[in-house]
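1. No letters, just coordinates:
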Ligand SMILES: Nc1ncnc2c1ncn2[C@@H]1O[C@H](COP(=O)(O)OP(=O)(O)OP(=O)(O)O)[C@@H](O)[C@H]1O
């Protein structure tokens with residue numbers, strides 16, 4: 001028997017081998033090992049030798065109901081002996097199998113518990129001719145030795161199963177980690193830098209819904225990357241080959257929003273000299289990004305709701321509606337739910353756009369991301385301005401301490417100014433402190449007033465940073481968006497006046513061509529040409 005235990009681990013093979021030896025060498029026939037079913041708890045025949053068909057399936061014992069000898073042994077852990085099964089009422093299962101015994105022979109049934117740490121975990125049972133010379137005690141001892149061996153096999157088997165389960169779980173979590181890594185790489189490819197848990201959660205949610213048509217509502221303060229996320233979602237959707245059309249509701253005067261969004265027909269109002277498609281039509285097949293949806297007037301909210309529900313658009317002055325198919329992504333820095341309560345935003349539209357809300361964390365809550373984003377953008381700025389600026393250790397530490405009320409956009413702006421202003425090539429803490437001091441009304445620990453910083457005066461600032469900083473010198477968070485529009489408008493005007501000649505437009509704007517190209521790409525003016 002012990003040789004069987006040396007064989008490669010296959011509990012079925014080993015236990016059956018033991019039962020076979022008990023039968024062939026000792027006349028302990030129809031051996032079976034009964035174990036509790038993991039789900040039902042009912043004790044069932046798991047391994048057997050010399051039993052077929054019904055004899056196996058019949059061998060089920062409800063331990064709770066104290067069924068049969070096997071059930072009792074399982075419940076009490078005490079060996080069961082039925083010297084003659086034919087006249088024992090406890091023996092509920094009449095054993096039909098009498099192979100190897102004389103047809104008129106009386107049968108005895110012995111069941112011993114398989115123990116683990118003093119508790120029965122199963123039952124080993126067998127039958128023999130009742131009239132044999134050998135004592136029942138001898139056979140009981142033999143069966144106990146066999147049950148100890150079987151117990152050992154079962155323990156090893158469950159240990160291996162447990163280990164395999166753990167390995168599978170580890171493997172799965174490794175796979176999940178890989179997926180997380182892939183997700184981060186993916187977002188980096190879309191210009192979203194950062195690995196903080198807060199940002200990762202948002203990236204994960206965006207990834208999960210990207211390839212669906214579910215409307216997404218991006219919620220977050222100004223400059224947290226809502227537009228970047230919207231573009232990433234579009235790029236990861238099956239609509240990626242189709243247009244991504246964005247409109248910032250806070251940037252378009254209310255009276256023009258309807259025409260901008262839904263388009264108009266020639267002659268529908270004075271000045272409508274030609275028909276024009278709205279953003280909604282332009283987004284057909286692709287994605288429509290409505291930034292600052294909270295700034296959309298209530299009358300237009302009703303029209304937008306109709307467009308979303310019916311997938312049809314009514315341009316101003318049109319006699320017939322047109323069908324449109326777009327995926328809607330909205331963004332807001334305003335608490336829309338509160339606006340609904342105040343009657344400033346329609347509840348039905350809120351439900352329509354708030355299907356997948358994704359919260360974008362403020363920069364100060366993104367552990368470790370300030371450094372990563374700063375280094376990433378400094379690299380881009382060096383490229384754009386043809387510089388080799390580096391951040392000193394202290395400057396980086398200062399950036400990491402700052403509260404960034406204007407979030408990533410403000411960080412990028414500060415770096416842009418620093419890159420332009422640094423004379424030595426090293427952006428030190430003094431320069432950062434100086435820029436932050438001018439930056440906003442928010443108090444920066446240790447910030448100095450503009451005129452106090454050695455070597456830099458307020459007029460220096462306006463001169464050196466004219467291209468970059470002059471439009472950004474007022475305070476308040478929303479100014480970043482305003483600045484962006486102003487800048488975009490100036491560039492568009494210059495390009496229009498020079499018929500798209502970038503060299504001439506750069507000259508007009510007092511920029512190098514390289515700087516202009518950088519700004520055009522930063523402000524997405526290439527892609528927005530359609531709008
Ligand atoms: N995770 C990020 N990594 C790198 N750059 C980022 C990240 N998030 C935002 N930015 C940069 O910050 C600036 C603002 O981003 P974006 O326009 O997407 O923000 P926003 O939330 O839409 O702002 P607003 O509400 O003011 O329109 C952009 O220059 C963008 O490239």
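-> Structure received. As the structure is a computational prediction, the values presented were derived from the model and not from experiment.

2. Quick check, the residue in this protein closest to the ligand?
-> Using Cβ to the nearest ligand atom, the single residue of the chain nearest to the ligand is residue 225, 2.7 Å away. No exception for glycine: its C-beta is placed from N, CA and C like everyone else's.

3. and the residue most central in space within the chain, how far is that from residue 186?
-> For the chain, residue 204 is the residue whose C-alpha lies nearest the centre (Cα atoms, centre = their mean; 3.2 Å). Distance, residue 204 to residue 186, by Cβ to Cβ, to the nearest Å: 11 Å.

4. so where do the strands sit in the stretch 51-200 of the chain?
-> Along the stretch 51-200 of the chain, the stretches classed as strands by DSSP state E, counting those that start in this stretch are 60-61, 80-82, 107-116, 119-129.

5. As TSV, those with mean pLDDT, distance to the ligand and mean neighbour count would be great.
-> Converted to TSV, the strands of the stretch 51-200 of the chain look like this (pLDDT from 0 to 100; distance: least, Cβ to the nearest ligand atom, whole Å; neighbours: other Cβ atoms under 10 Å):
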stretch	mean pLDDT	distance to the ligand	mean neighbour count
strand 60-61	68	61	22
strand 80-82	90	71	19
strand 107-116	92	55	22
strand 119-129	92	56	22
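
6. Including distance to residue 408, could the ones you listed go into JSON lines?
-> Formatted as JSON lines, the strands of the stretch 51-200 of the chain follow (distance: least, Cβ to Cβ, whole Å):
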{"stretch": "strand 60-61", "distance to residue 408": "66"}
{"stretch": "strand 80-82", "distance to residue 408": "75"}
{"stretch": "strand 107-116", "distance to residue 408": "60"}
{"stretch": "strand 119-129", "distance to residue 408": "60"}
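
7. thinking again about what came up before, can you report how many residues lie near the residue of the chain closest to the ligand?
-> Residue 225 has 27 neighbouring residues, counting by other Cβ atoms under 10 Å.

8. which ones are touching it?
-> 192, 360, 407-408 (Cβ atoms under 8 Å, 6 or more residues apart in numbering).

9. can you narrow these to ones near the ligand?
-> Contacts with the ligand within the contacts of residue 225, as defined by Cβ under 6 Å from any ligand atom: 192, 408.

10. Pull the most distant pair out of the contacts of residue 225.
-> Largest separation among those by Cβ to Cβ: 192 and 407, giving 12.9 Å.

11. Give me the more crowded residue out of the two.
-> Applying other Cβ under 10 Å to residue 192 and residue 407 shows that residue 407 carries more neighbours, namely 24 against 21.

12. hang on, isn't the more buried one packed against residue 199?
-> No: if you go by Cβ atoms under 8 Å, residue 407 and residue 199 don't touch, sitting 11.5 Å apart.

13. Overlap in contacts, those two.
-> By Cβ under 8 Å, 6+ apart, no residue touches both residue 407 and residue 199.

14. now the spatially closest residue to residue 15 that is not a sequence neighbour, what's its secondary structure?
-> Spatially, and ignoring its direct neighbours in sequence, residue 15 is nearest to residue 47 (4.3 Å; Cβ to Cβ, 6 or more residues apart in numbering). Here residue 47 is strand, with the state taken from DSSP: H, G, I helix; E, B strand; the rest coil.

15. is it true that residue 47 touches residue 33?
-> Yes: judged on Cβ under 8 Å, residue 47 makes contact with residue 33 at a distance of 4.3 Å.

16. how much distance is there from stretch 19-31 to the middle of the chain?
-> Distance, stretch centre to chain centre, for stretch 19-31: 57 Å (Cα atoms, centre = their mean, to the nearest Å).

17. Ok, stretch 125-138 next?
-> For stretch 125-138, the distance to the chain centre is 64 Å (Cα atoms, centre = their mean).

18. Over to stretch 309-316?
-> Relative to the centre of its chain, stretch 309-316 is centred 34 Å away, using Cα atoms, centre = their mean.

19. cool, and stretch 379-394?
-> The chain centroid and the centroid of stretch 379-394 are separated by 33 Å under Cα atoms, centre = their mean.

20. Please apply the same query to stretch 252-264.
-> Counting by Cα atoms, centre = their mean, stretch 252-264 comes out at 36 Å from the chain centroid.

21. And that stretch, what's buried?
-> Using 16 or more other Cβ atoms under 10 Å as the test for burial, stretch 252-264 gives 252, 257-264.

22. Now stretch 341-352: buried residues?
-> Buried-residue list, stretch 341-352, by 16+ other Cβ under 10 Å: 345-346, 349-350, 352.

23. can you list those in a markdown table and add distance to the ligand, pLDDT and secondary structure?
-> Rendered in a markdown table, the data for these read as follows (distance: Cβ to the nearest ligand atom, whole Å; pLDDT from 0 to 100; DSSP: H, G, I helix; E, B strand; the rest coil):
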| residue | distance to the ligand | pLDDT | secondary structure |
| --- | --- | --- | --- |
| 345 | 17 | 93 | coil |
| 346 | 21 | 93 | coil |
| 349 | 19 | 92 | helix |
| 350 | 19 | 93 | helix |
| 352 | 21 | 91 | helix |
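
24. which other residues reach the helix or strand encompassing residue 18?
-> Assigning secondary structure by DSSP states H and E places residue 18 in helix 11-26. Under the criterion Cβ under 8 Å, 6+ apart, residues 1, 4-5, 7, 28-33, 47-50, 100, 126, 128, 139, 142-143, 146, 149-150, 153-154, 156-157 lie in contact with helix 11-26.

25. Flag every residue of the stretch 51-200 of the chain that's near the ligand.
-> Checking the stretch 51-200 of the chain against the ligand by Cβ under 6 Å from any ligand atom, the hits are 191-194.

26. can we see that at 5 Å?
-> Residues of the stretch 51-200 of the chain that fall close to the ligand, judged by Cβ under 5 Å from any ligand atom: 192-194.

27. Can you tell me which of these is nearest residue 382?
-> For these, the nearest to residue 382 is residue 193 (15.7 Å; Cβ to Cβ).

28. Not counting sequence-adjacent ones, nearest residue to residue 69?
-> Leaving aside its chain neighbours, residue 69 sits nearest to residue 80 (4.2 Å; criterion: Cβ to Cβ, 6+ apart).

29. and what of residue 114?
-> residue 122 (4.1 Å).

30. Also residue 190?
-> The nearest residue in space to residue 190 (Cβ to Cβ, 6+ apart) is residue 232, at 3.9 Å.

31. Over to residue 417: give its phi and psi.
-> Here is the backbone geometry of residue 417 (degrees, to the nearest 10): phi -60, psi -40.

32. Correct me if wrong: it contacts residue 437.
-> No: proximity of residue 417 to residue 437 does not meet the contact threshold set by Cβ under 8 Å, at 11.9 Å.

33. With neighbour numbers in mind, choose between the two.
-> Between residue 417 and residue 437, counted using other Cβ under 10 Å, residue 417 has the larger neighbour count: 25 against 18.

34. separation between that one and residue 276?
-> Using Cβ to Cβ, we find residue 417 at a distance of 38 Å from residue 276.

35. tell me what the top helix by length along the chain is packed against?
-> In the chain, taking DSSP state H as the definition, the longest helix is helix 136-189. Under the contact definition 3 or more Cβ pairs under 8 Å, 6 or more residues apart in numbering; DSSP states H and E, helix 136-189 sits against helix 2-6, helix 11-26, strand 107-116, strand 119-129, helix 197-210.
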